[in-house]
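In: could you look at this predicted model? Sequence included:
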Amino acid sequence: MKVYPYIIEFLQIAIFLGIAPAFTGWVRMLKCWTQGRTSAGLFQPYRDIMKLFSKDVILADNASWIFRFTPYLIFGTAVLAGGIVPMLSIDLPITSTADVIVLVALFAIARFFTALAGMDIGTAFGGMGSSREMTIASLAEPAMLMAIFTVSLASKSTSLSQMVHVIYSGQSVLRPSLVFALLAFILIALAETGRIPVDNPATHLELTMIHEAMILEYSGRHLALIEWANMMKLFLFTALGIATFFPWGIAASGDIGFIPAALLIMMLKLGIAGAGLVLLETGLAKMRIFRLTEFLGSAFLLATLGMLSYFILE
Amino acid sequence: MNINIAAQINSFLAALVLLTAFGMLVQRRMYGLVHLFTWQGLFLSLNTAIVGYVAGRHHLYISSVLTLALKVILLPYILHVLIQRLKVHKEVETVINVPMTMLIGIALVIFSYHLMSPVRELSNLVTRSTLAVALATVMIGLLMMITRKHAVTQIIGFLAMENGLFFAATSATYGMPLVVELGVALDILIAAFIFGIFFFHIHTTFDSLDIEQMARLKEED
């Protein structure tokens, strides 16, 4: 049995846990700059999490086990998902047992329990947030699967490392199906991570909240875990996009010597992706919630067109 | 440039043409529609030039330049002037809602793929795989004419249909004879002028370009 892949796996999860808040910090910092504000720095998310961990948890009297259990579940699924997406190396032991459908299912489990927890206390805003989140999810999830399937059609496998491997060695660069899938994936990632045309992560107005409305009642270490998991989710979607569409730089073999270079390239790509996200968010306004069907409908359309153009044009 | 790369660029441009066709189908703003139409013309012109290069048919260069002049510069300009003069740059009304139109569009793409697959087996041209996309573009243009109530959008749908036909001709037989293409180009140009004049007349008579207003033309009984 080779030991290196397991070491890389643990290394990747550790790096993932460590860097995710910095990535969110980077996005917030760029956003501050584009809006002409002074930013709180790259490491503000770490300080936020530390502060929340040191505070007491305040629970509502009627909170059930779901409410207390959900933060740990969200955090756990995020960490597990971090082991599935190839970030540093293709040769990860988990990817042979968990493919991309498992990844989508992990996100779905986390979302399901967040929605339950939002309704658990019985406040109006929580229920409203849950209802909106599930509406978005029901439209985003098919589109997400469709986009991923388009890529897996080209690589004839739903395993992420296999997909990365095929794109790595592929001869054709200009594949229409992959371009369509990438466009669809960007729209879905914006919806799933709650970024601006869909949801505003920095909002303080409860009536416009989607994701924040569900976690309004959380405090202390529970909130810290949820916030951290959210940062990891943003990081994960970016890493997933990089791995499926721009995998160049991820170490192809299980050799530990390639890891520092892979890490450096990954950070570079993440930096560029973050800048792109900020440009997109600065240029767009938040959409009316009833327009979201069209937004996610076009994501589904793009993904389907990608799949069709695989059959028609390739 | 070897033939493999050219085929890839060709199918990539075909995908972009299809994308702009769908963009026009779901676009609500009038100026957005004209811009998408301009992009489609540009992709078409590029594609024609590349096919001309691959096939060694030099008359395709002429039709590529003709497409560029007509569909990227002149027709969008005429449409811009029309929209400005008639003050119709508001949101466009659709008969069916947008997600439904998208689904119908996808069904049309699948249908045209199914229809074209036997032809694809017979042909041995480099561009044979883009034939289905060309047919789909024609059908989406037709769908656009059906689902829109506004006269100017219907004209854009008509022009998009013509784009699809031109694309089909390029990918099925490496283009029509030059005389035919020149004739079609002239037809389109004249049609655009006549549409413009008609729109002004319709506008002064009905104060609107909504074609539902034309039901008033019926005799009362």
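Out: Received the coordinates, thanks. Numbering: from 1, shown residues only, chains lettered A, B, ... in the order given.
In: closest residue of chain B to chain A?
Out: Residue nearest to chain A within chain B (Cβ to the nearest Cβ): residue B:15, separated by 3.3 Å. All C-beta atoms are positioned from the backbone trio N, CA, C, and that covers glycine.
In: and the spatially closest residue to that residue that is not a sequence neighbour, what does it touch?
Out: Distances taken as Cβ to Cβ, 6 or more residues apart in numbering or on different chains place residue A:176 nearest to residue B:15, at 3.3 Å, with adjacent residues excluded. When the contact criterion is Cβ atoms under 8 Å, 6 or more residues apart in numbering or on different chains, the partners of residue A:176 are A:306, A:309, A:313-314, B:11-12, B:14-16.
In: can you tell me which of those is nearest residue B:203?
Out: Ranked by distance to residue B:203 (Cβ to Cβ), those are led by residue B:16 at 34.0 Å.
In: make sure the closest one is indeed in a helix.
Out: Yes - read with DSSP: H, G, I helix; E, B strand; the rest coil, residue B:16 is one of the residues of a helix.
In: thought the residue of chain B closest to chain A was touching residue A:183?
Out: No - counting by Cβ atoms under 8 Å, residue B:15 stays clear of residue A:183, with 10.8 Å between them.
In: between those two, who's got more neighbours?
Out: Higher neighbour count among residue B:15 and residue A:183: residue B:15, with 26 against 19, using other Cβ atoms under 10 Å in any protein chain shown.
In: who's in contact with the more buried one?
Out: Residues in contact with residue B:15, defined by Cβ under 8 Å, 6+ apart, are A:176, A:179-180, A:305, A:309, A:313, B:133.
In: lowest-confidence one in these?
Out: Per-residue confidence over these reaches its minimum at residue A:313, where pLDDT is 81.
In: that residue - nearest residue in space that isn't next to it in sequence?
Out: Leaving aside its sequence neighbours, residue A:313 is closest to residue B:11 (3.9 Å, by Cβ to Cβ, 6+ apart).
In: C-alpha coordinates for the host helix or strand of the one you found, CSV please?
Out: When secondary structure is defined using DSSP states H and E, the element that contains residue B:11 is helix B:3-26. Provided in CSV are the C-alpha atoms of helix B:3-26 (Å, rounded to 0.1, in the frame of the first residue of the first chain):
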residue,chain,number,x,y,z
ILE,B,3,-7.8,20.6,-40.9
ASN,B,4,-8.4,19.2,-37.4
ILE,B,5,-8.0,22.6,-35.7
ALA,B,6,-10.1,24.2,-38.4
ALA,B,7,-12.9,21.7,-37.7
GLN,B,8,-12.6,22.4,-34.0
ILE,B,9,-12.8,26.2,-34.5
ASN,B,10,-15.7,25.6,-36.9
SER,B,11,-17.7,23.6,-34.4
PHE,B,12,-16.8,26.1,-31.6
LEU,B,13,-18.2,29.0,-33.7
ALA,B,14,-21.3,26.8,-34.4
ALA,B,15,-21.8,26.5,-30.7
LEU,B,16,-21.5,30.3,-30.3
VAL,B,17,-24.0,30.8,-33.1
LEU,B,18,-26.4,28.5,-31.2
LEU,B,19,-25.7,30.3,-28.0
THR,B,20,-26.5,33.7,-29.5
ALA,B,21,-29.7,32.2,-31.0
PHE,B,22,-30.8,31.1,-27.5
GLY,B,23,-29.7,34.5,-26.1
MET,B,24,-32.0,36.2,-28.6
LEU,B,25,-34.8,33.8,-27.6
VAL,B,26,-34.6,34.8,-23.9
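In: by how many degrees do the following helix or strand past it and helix B:3-26 diverge?
Out: Using DSSP H and E, the next helix or strand after helix B:3-26 towards the C-terminus is helix B:30-55. Computed with axes from the mean of the first three to the mean of the last three Cα atoms, to 10 degrees, the direction of helix B:30-55 lies at 160 degrees from that of helix B:3-26.
In: between helix B:30-55 and whatever helix or strand comes next after helix B:30-55, find me the angle.
Out: On the C-terminal side of helix B:30-55, the nearest following helix or strand under DSSP H and E is helix B:59-67. With the same axes, to 10 degrees applied, the angle from helix B:59-67 to helix B:30-55 works out at 170 degrees.
In: now helix B:59-67: mean pLDDT?
Out: When pLDDT is averaged along helix B:59-67, the result is 88.
In: what does that helix contact?
Out: Defining contact as Cβ under 8 Å, 6+ apart, one finds that helix B:59-67 is touched by B:41, B:44-46, B:48-49, B:51-52, B:166, B:170, B:174-175, B:177-178, B:181-182, B:185.
In: chain center to whichever helix or strand comes after that helix: distance?
Out: Beyond helix B:59-67 in the direction of the C-terminus, DSSP H and E gives the next helix or strand as helix B:75-86. Averaging C-alpha coordinates over helix B:75-86 and over its chain gives two centres that are 17 Å apart (Cα atoms, centre = their mean, to the nearest Å).
In: can you check stretch A:260-269 too?
Out: Taking the mean of its C-alpha atoms, stretch A:260-269 sits 19 Å from the chain's own mean (Cα atoms, centre = their mean).
In: which outside residues touch that stretch?
Out: Under the criterion Cβ under 8 Å, 6+ apart, external residues in contact with stretch A:260-269 comprise A:15, A:19, A:87-89, A:239, A:242, A:246, A:248-251.
In: who in chain B is up against chain A?
Out: Selection of chain B residues close to chain A by Cβ under 8 Å from any Cβ of the partner chain yields B:8-9, B:11-12, B:14-16, B:18-19, B:22, B:26, B:98-99, B:102, B:105-106, B:109-110, B:113, B:129-130, B:132-133.
In: which residues touch the residue positioned nearest the centre of chain B?
Out: Taking Cα atoms, centre = their mean, the centroid of chain B lies closest to residue B:160, which sits 1.3 Å from it. The neighbours of residue B:160, taking Cβ under 8 Å, 6+ apart as the test, are B:21, B:24, B:37, B:40, B:137, B:140-141, B:144.
In: kindly report the same for residue B:127.
Out: Neighbouring residues of residue B:127 by Cβ under 8 Å, 6+ apart: B:7, B:10, B:51, B:170-172, B:174.
In: just residue B:178 next, same as before
Out: Neighbouring residues of residue B:178 by Cβ under 8 Å, 6+ apart: B:59, B:62-63.
In: PyMOL command to pick out the buried ones of the residues you listed?
Out: In PyMOL, this line selects whichever of these come out buried by 16 or more other Cβ atoms under 10 Å in any protein chain shown:
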select buried, chain B and resi 63
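In: ok, the contacts of residue B:178 vs residue A:276, which is closest?
Out: Distances from those to residue A:276 were compared by Cβ to Cβ; the smallest belongs to residue B:63, at 37.8 Å.
In: report the separation between that closest one and residue A:21.
Out: Between residue B:63 and residue A:21 the distance, using Cβ to Cβ, to the nearest Å, works out to 57 Å.
In: quick one: distance of whichever strand or helix holds residue A:133 to the chain centre.
Out: Per DSSP H and E: residue A:133 is located in helix A:124-155. Distance of helix A:124-155 from the chain centroid (Cα atoms, centre = their mean) equals 12 Å.
In: packing partners for it?
Out: In terms of contact count using 3 or more Cβ pairs under 8 Å, 6 or more residues apart in numbering or on different chains; DSSP states H and E, helix A:124-155 is assigned the packing partners helix A:100-120, helix A:160-169, helix A:176-192, helix A:211-214, helix A:220-245, helix A:292-313.
In: lowest average pLDDT across those helices?
Out: Note on the helices and strands packed on helix A:124-155: helix A:160-169 shows the lowest mean pLDDT, a mean of 81.
In: now do it: which elements does it pack against?
Out: Counting contacts by 3+ Cβ pairs under 8 Å, 6+ apart, the secondary-structure elements packed against helix A:160-169 are helix A:100-120, helix A:124-155, helix A:220-245.
In: ok, residues contacting the shortest one?
Out: What it means is helix A:100-120. A:63-64, A:66-67, A:69-70, A:73-74, A:77-78, A:80-81, A:84-85, A:126-127, A:129-130, A:133-134, A:137, A:141, A:144-145, A:148, A:152, A:158-160, A:163, A:192, A:211, A:213-215, A:226, A:229, A:233, A:240.
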